[in-house]
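Asker: Predicted structure and sequence below. I'll ask about it afterward.
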2 protein chains.
Amino acid sequence: MKPVDCENNREKRAAPPRAVSAAVIKRLPRYHRYLGELLREDRTRISSSELSRRMCVTASQIRQDLNCFGGFGQQGYGYNVRYLYQKIGELLGAEEHYSAVFVGLGHLGHSLVSSAMLERRGIRKLAVFETNPALIGTTVAGIPVLDSAEMETWCREKRVTLAILAVPREQALPCAEALSRAGVRGIWNFSDTELDLRIPGMEIENMHLSDSLLELCYRMRRRTGETT
Amino acid sequence: MKPVDCENNREKRAAPPRAVSAAVIKRLPRYHRYLGELLREDRTRISSSELSRRMCVTASQIRQDLNCFGGFGQQGYGYNVRYLYQKIGELLGAEEHYSAVFVGLGHLGHSLVSSAMLERRGIRKLAVFETNPALIGTTVAGIPVLDSAEMETWCREKRVTLAILAVPREQALPCAEALSRAGVRGIWNFSDTELDLRIPGMEIENMHLSDSLLELCYRMRRRTGETT
């Protein structure tokens, strides 16, 4: 991954004063989440040492990470929570006003459509695509459910940027190919198969819930070993 | 994270011949998933170079990682897919026959209860706990939906090991505390809040879907910057 380069930032919004490394970028969503929690607690400022305790990261790591942005924190005053939350949000592209469609309306698809996660990031939810005739024509959380057969044309016409894929594994690749032909630029993939290599030119984020379950099982097992 | 130590492995199953580092353990779920895909394709053997192409990891990284287990691969013959899949599965604790309960039956909870992910890892699904009287007494995917008020006693009596938490954020901490008192050893947390620091003695895996969404948005934005 190349470091962020402000010359590449079209709108010059949230342009970092110097390159932010891939490693820092990886950690930013977590900072963003903790800062969001602080905002909900009506906190206006936080010191690196308190943030350090909450996040289980050393205070010096926090200072190093957040100094990449330049000048958010001030010695002895701590960080301005709202400012830092917004700046990190902008850098992460959370304020880009993308438009999104959902593909697949099983329980997982349903829970993703109903979640406020996308709106909170400024992403508009346009439609859900399904193959099940009993669902086509209905609405879910105010979003119309359309026929999957129309997906490619519809997404091209509406200039959809992002698709959330929650279809059975065997349908994932043809769906992703259709979305790619329609000009969709990113897929958030919940279909439990890897798409990265197969759709060049598309940003794909594969969500593998089962990886996380396996890691939990491993840690539980290790702990049992330690205590017996 | 401490390296795996075979002396700590109660049943000596899948005991690695030497310590496996935390970094390798982190990568194992992904190997496990790819090997599962190969099994579904009826592949019996795979070379490190082919696995390398599929997984976008260097062949030397793969050899280094899998040699930690000792002797799975053979020069010129490649790896035995099923054997490696099983061994990694055992090491990850996937064959421990844990018993699990679900807490919260919103759409996400529903999709987790309905998923075959747990059974595939040998985890028994015992019950779902809900506060909604309209749902209590029903079944979901053959699993009984019980009253949350009974959760703590029930889990203690049934010696439940694992809980899947899909409740609103504000209910997560009291639920986790009750599960901890009941002797539950691990929580797979989908409630979009961090629980780690607050429940000592419990293994917690926090699933933050929104972190993954933010990272996708960031990568899409970066790509736009590069092409304009």
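Answerer: That came through, no problem. Note that the structure is a prediction, hence the values are computed from the model and not measured.
Asker: Please, where are all the strands along chain A?
Answerer: Assigned by DSSP state E, the strands in chain A fall at A:45-46, A:73-74, A:78-80, A:99-103, A:124-130, A:139-140, A:143-147, A:162-165, A:186-189, A:203-206.
Asker: and A:S99, how many neighbours?
Answerer: 18 (other C-beta atoms under 10 Å in any protein chain shown). In this view, the C-beta of every residue, glycine as well, is placed from N, C-alpha and C.
Asker: ok, how many other residues are close to the nearest residue to it once chain neighbours are set aside?
Answerer: Nearest residue to A:S99, sequence neighbours excluded (C-beta to C-beta, 6 or more residues apart in numbering or on different chains): A:R124, at 4.6 Å. Applying other C-beta under 10 Å, we find 13 residues neighbouring A:R124.
Asker: now A:S60
Answerer: Counted with other C-beta under 10 Å, A:S60 comes out at 11.
Asker: State the pLDDT value of A:L118.
Answerer: At A:L118, the predicted lDDT confidence score is 87.
Asker: nope, A:A94 is what I was after
Answerer: 63.
Asker: Equivalent analysis for A:E130, please.
Answerer: At A:E130, pLDDT is 97.
Asker: A:V20 too?
Answerer: 69.
Asker: Where does pLDDT dip in chain A?
Answerer: Within chain A, the stretches with pLDDT under 70 are A:1-20, A:69-76, A:94-96, A:196-198, A:225-228.
Asker: Can you spell out the domain ranges of it, please?
Answerer: Domain ranges of chain A: A:6-91, A:99-211, per automatic domain parsing.
Asker: Buried deepest among those domains, which one?
Answerer: domain A:99-211 (a mean of 19; mean count of other C-beta atoms under 10 Å in any protein chain shown).
Asker: So for that domain, first residue to last residue, what's the gap.
Answerer: Domain A:99-211 has an end-to-end distance of 29 Å (criterion: C-alpha to C-alpha, to the nearest Å).
Asker: before we move on, what about stretch A:177-195?
Answerer: Using C-alpha to C-alpha, the two ends of stretch A:177-195 sit 10 Å apart.
Asker: which residue ranges form the helices in chain A?
Answerer: Here chain A has its helices, by DSSP state H, at A:22-40, A:48-55, A:59-67, A:81-91, A:107-114, A:117-120, A:151-157, A:169-181, A:209-227.
Asker: Let's have those in a markdown table, adding distance to B:L108.
Answerer: A markdown table is the format used below for the helices of chain A (distance: least, C-beta to C-beta, whole Å):
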| stretch | distance to B:L108 |
| --- | --- |
| helix A:22-40 | 18 |
| helix A:48-55 | 25 |
| helix A:59-67 | 30 |
| helix A:81-91 | 24 |
| helix A:107-114 | 4 |
| helix A:117-120 | 11 |
| helix A:151-157 | 24 |
| helix A:169-181 | 19 |
| helix A:209-227 | 10 |
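Asker: With respect to A:W188, which of the ones you listed lies nearest?
Answerer: Of all the helices of chain A, helix A:107-114 sits nearest to A:W188, with 8.4 Å by C-beta to C-beta.
Asker: just the angle between the closest one and helix B:209-227, please?
Answerer: Angle, helix A:107-114 to helix B:209-227, by axes from the mean of the first three to the mean of the last three C-alpha atoms, to 10 degrees: 70 degrees.
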